[in-house]
Every structure is written in structure tokens, then in C-alpha cells.
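S.K.: no letters, just coordinates:
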């Protein structure tokens, strides 16, 4: 009995080893391609929120981790990418989360210059209702582009709402909660960058340059 | 009928994984909102099933009966992880749109079902063919369902094909019906259930006719042990 058990255990262990080896090998072979794909994807996203002509650094690798649960909606660190031109910071692309979407978190990437002018916003991840709330995705609707070149100042703060609440942004038919959440999160992120950009810039590279 | 014709008949129609065995409903219903997604899922399932059936068939004489299931599970999990890594590296767009359902192939019962019911009792070539044709049968249902749902849901076919096939594939996209609003019911899971139900009904109503054409009359074969029983 014991003999059979140890024999079977041994066989199982061998299989586990072989399978793990195969997976590890595949991982090793695809690792650089996966990293490249993810980097490429990140860069396409970044270029959508900050006009590529306005900076000249390796944006995807100029990255800082920030933990600001109040402003950025997450208890875990969010990434911020610093765009510089001739070594002078010009804009920041920051990840933020709208915790109050219709179904769960909406992850956003917000591009903003240092004075509170948005250069672009994109949805990274969301689970909003298809056909209604998912219009925050660029693939479904161009709504998200309405943030481009909008400026947040101390005076126009109440403009950062959906039209229904007296602001400047369209709501979607049948879905107001989603755009509300996205606008609020964007506004908070912009305000955060505006007030803290010195700290962000000075905190040094902490998440980029992973070849 | 010879073995391969028999296997084809079983995989595509008589014992179709999606329509008769009703295995793997989770990916079947979840990812078939567009044709492209369905194709991506098909591709992944075919690779995993052929691979796992081949491996199981090769090692079938070396593994003790008592621990065969955990070993099958390990092999399948290994294949799925590899496929996932490969998709991540070389078909990033489709990897993103399949999301969690790609790693979830591991839980697709059809794969372990074929490993246990067929590959563990048969030679390498028939096992590979069985895995392949079963996966094709499954894929046909995926693609059919994906096509129907995409057509009725958003009026297009091959939307997002470049994600899977590369840039040239954008010419494949056809806008068949122009919708102001996409037909949500079809896009969401309930639409998948209803569409699958209708396909099932049609399949069942055609069963006798098709069988009369394909299967030559008076074949009293000894039922093979290897078949998963057709539950009625």
C-alpha cells in the first residue's frame, strides 16, 4: 500500500515537474514579446492622452507610483507618467479610478498639463452595461474625447458635471451614473496633478525602465 | 464507416460537444458576442484539445489508473497556460478581448472529457484526430453562435477581426444591417442562451433526417466504450 502510494506520488511529482518546465520554457520564450506588446499598448494609450509632439522623452519609462486613495480612487499605488520636453516637465498622464461606476470600478488614464488643462482621457478597464454605460469606451462612442482641452480652474469647478447637473458634459441616454463617475474621477485627478505636480515630478522614476 | 469517418461524424454532428454533450457552455455562451471572439476562442480550444489528447495518448500506458485524473488536469492546465502566454505575446488584441475566458479553457469539461473517454484508451493518431474534430465541432457552434449574435446584436460581421488576424483583416468587416442602437438583449448573456436554445431545437429537429442520410442503414456495431453517452 505504502509502496503504491509513494510510487504514485513520485509519478505525479515527475509530471508536475515536466509540466512546470514546459510552462516555464514558454514563459521564458514569450517573455520579451509579452513585455514588448504591453509596452506598445501602454505607449499607444499614452500617445492618445498626451499629444506625442508635445514631449520628447521616453514617456512609458518615465513613471512614478502614487498612492492617493482620496484623489485617485484606489488604495493601491497608481502610475503617473511624466512627459518632458528638453528636460522640462510639460504634462502628466496619471492613472485614476472612478470607484462609483454603475457596476464596479472604472479605470481611467488622464492626460493633463501642469496647469489643469486636460489633453485626453481614456478608459482602461470597466464593466459598465454594454450599449449604455460602455459609451465611455472610445471604441463605442467619441464621448470620452470631450475632455480634450477642457481646463479645470477654481472658478469653473461646477462646470465639471454632466449637463443634467448643470455642467458642460453630455450624459448618455439611459445612463447618467457612468459619465458622472468618470467626470468626477477625471476632475479629481486633474486637481491632484495641478496641486501636486512638483511632488510627482520630484519623486523620481519608480516604475519605468523595466526593459 | 472507418474510424476517422466515425470520429468525424461523432465530433461534428452526432456527439457535438456544444450541441449534444453540452459541455463547455461557459466559454460557449460568454465569448460568442462577436465572430472574432468566437474564432479566437475556437483557435485556442483546438490547440489545447489536440495537444492534450496527443499527450494523454502517448503517456496512457505509463500512468497508473488511480492518479490519471490529476495528471490530465496538469497537462491541460499546462497547455492552457502556454496558449495563454502565446496569445498574450502574438495576438495581444484578442488576448485582451477574450479576457478571463482564455485561462478558463482549463475548466472546459470537453477537454478533460475527451482525454478521459478517448485519448486514454486509443492510439496517438486517432486521439489527435478525435481532439481535433471534437474541437472543430465545438468551434462550429461557437462561430455560428458568434455570427448570429454579432449580426443581430450590432449588425456587423467580423467586427474587430484585425485584433486576431492582423491589420489586413479590417477588410473582412461587413456592415450588414445598420442599427441606431445595438440590440442589447442579443449581446448580453440571455441572448446567448436563447440563440443556443434555438440552434439546439433546429439541430434536434434535423437529427433523424441527417442521420438517415449519413449513417448507412442496419449498422449494428458493438457500441464502443470510448463514447460519451448521448444523454437524451
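M.R.: Happy to help now that I have it. The structure presented is a predicted model; accordingly, all values stated were derived computationally and were not measured. Numbers count the residues shown, from 1 in each chain, chains lettered A, B, ... in the order given.
S.K.: and chain A, which residues reach chain B?
M.R.: Within chain A, the positions near chain B by Cβ under 8 Å from any Cβ of the partner chain are A:4, A:7-8, A:11-12, A:15-16, A:19-20, A:22-23, A:26-27, A:30, A:33-34, A:37-38, A:40-41, A:129-132. Every C-beta, even on glycine, is put in place using the N, C-alpha and C of the backbone.
S.K.: pLDDT value on residue B:232, please?
M.R.: You'll see residue B:232 listed with a pLDDT of 55.
S.K.: whoops, residue B:198 was the one
M.R.: Among the per-residue scores, residue B:198 holds a pLDDT of 94.
S.K.: quick check: which element contains it?
M.R.: Element membership for residue B:198 (DSSP states H and E) is helix B:189-214.
S.K.: buried residues in that helix, which are they?
M.R.: By neighbour count on 16 or more other Cβ atoms under 10 Å in any protein chain shown, the buried set for helix B:189-214 is B:191, B:192, B:195, B:196, B:199, B:203.
S.K.: tell me which residues touch residue 183, please.
M.R.: In the absence of a named chain, this looks at chain A. Residues touching residue A:183, when contacts are defined by Cβ atoms under 8 Å, 6 or more residues apart in numbering or on different chains, comprise A:160, A:161, A:162, A:167, A:169.
S.K.: my question was about chain B, not that one.
M.R.: With Cβ under 8 Å, 6+ apart, residue B:183 has these contacts: B:152, B:153, B:154, B:191.
S.K.: hang on, the earlier thing: the helix holding residue B:198 near chain A at all?
M.R.: No. Counting by Cβ under 8 Å from any Cβ, chain A has no neighbours in helix B:189-214; the shortest distance is 10.4 Å.
S.K.: so where do the strands sit in chain A?
M.R.: Assigned by DSSP state E, the strands in chain A fall at A:63-66, A:78-85, A:88-101, A:104-113, A:118-125.
S.K.: which neighbours does the third one have in its sheet, and in what orientation?
M.R.: Meaning strand A:88-101. According to DSSP bridges, the neighbouring strands of strand A:88-101, each with its direction, are strand A:78-85 (antiparallel), strand A:104-113 (antiparallel).
S.K.: avg pLDDT for it?
M.R.: 92.
S.K.: which strands and helices lie in contact with the lowest-mean-pLDDT helix or strand in chain B?
M.R.: Counting by mean pLDDT, DSSP states H and E, the weakest-scoring helix or strand in chain B turns out to be helix B:161-165, with a mean of 76. Helices and strands touching helix B:161-165, by 3 or more Cβ pairs under 8 Å, 6 or more residues apart in numbering or on different chains; DSSP states H and E, are helix B:35-59, helix B:92-98.
S.K.: next secondary structure after the longest one?
M.R.: Beyond helix B:35-59 on the C-terminal side, the first helix or strand identified by DSSP H and E is helix B:68-90.
S.K.: which residues sit against that following helix?
M.R.: For helix B:68-90, using Cβ under 8 Å, 6+ apart, the contacting residues are A:11-12, A:15-16, A:19-20, A:22-23, A:26-27, A:30, A:33-34, A:37, B:40, B:44, B:47-48, B:51-52, B:55-56, B:59, B:63, B:94-95, B:98, B:102-103, B:105-106, B:111-112, B:115-116, B:120.
S.K.: emit the PyMOL select command for whichever of those are buried.
M.R.: Filtering the contacts of helix B:68-90 down to the buried ones (16+ other Cβ under 10 Å) takes a single PyMOL command:
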select buried, (chain A and resi 11+12+15+19+22+23+26+30+34+37) or (chain B and resi 40+44+47+48+51+52+55+56+59+63+94+95+98+102+105+106+111+112+115+116+120)
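S.K.: distance check, residue B:117 against residue B:10.
M.R.: As for residue B:117, its distance to residue B:10 is 11 Å (criterion: Cβ to Cβ, to the nearest Å).
S.K.: and the two? Which one has more around it.
M.R.: Using other Cβ atoms under 10 Å in any protein chain shown, the more surrounded residue of residue B:117 and residue B:10 is residue B:10, with 23 against 18.
S.K.: residue A:128 contacts residue A:176, doesn't it?
M.R.: No. In this structure, residue A:128 is not within contact of residue A:176 by Cβ atoms under 8 Å, at 11.9 Å.
S.K.: in a markdown table: the strands of chain A, plus mean neighbour count.
M.R.: Rendered in a markdown table, the data for these read as follows (neighbours: other Cβ atoms under 10 Å in any protein chain shown):
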| stretch | mean neighbour count |
| --- | --- |
| strand A:63-66 | 20 |
| strand A:78-85 | 21 |
| strand A:88-101 | 22 |
| strand A:104-113 | 23 |
| strand A:118-125 | 21 |
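S.K.: reformat the ones you listed as TSV; add distance to residue B:133.
M.R.: Listed next are the strands of chain A as TSV, based on distance: least, Cβ to Cβ, whole Å:
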stretch	distance to residue B:133
strand A:63-66	49
strand A:78-85	47
strand A:88-101	44
strand A:104-113	40
strand A:118-125	37
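S.K.: which helix or which strand is home to the residue lying farthest from the centre of chain B?
M.R.: Each residue of chain B has a distance to the centre, and by Cα atoms, centre = their mean the biggest one is for residue B:180: 32.6 Å. Element membership of residue B:180 [criterion: DSSP H and E] is none; it lies in no helix or strand.
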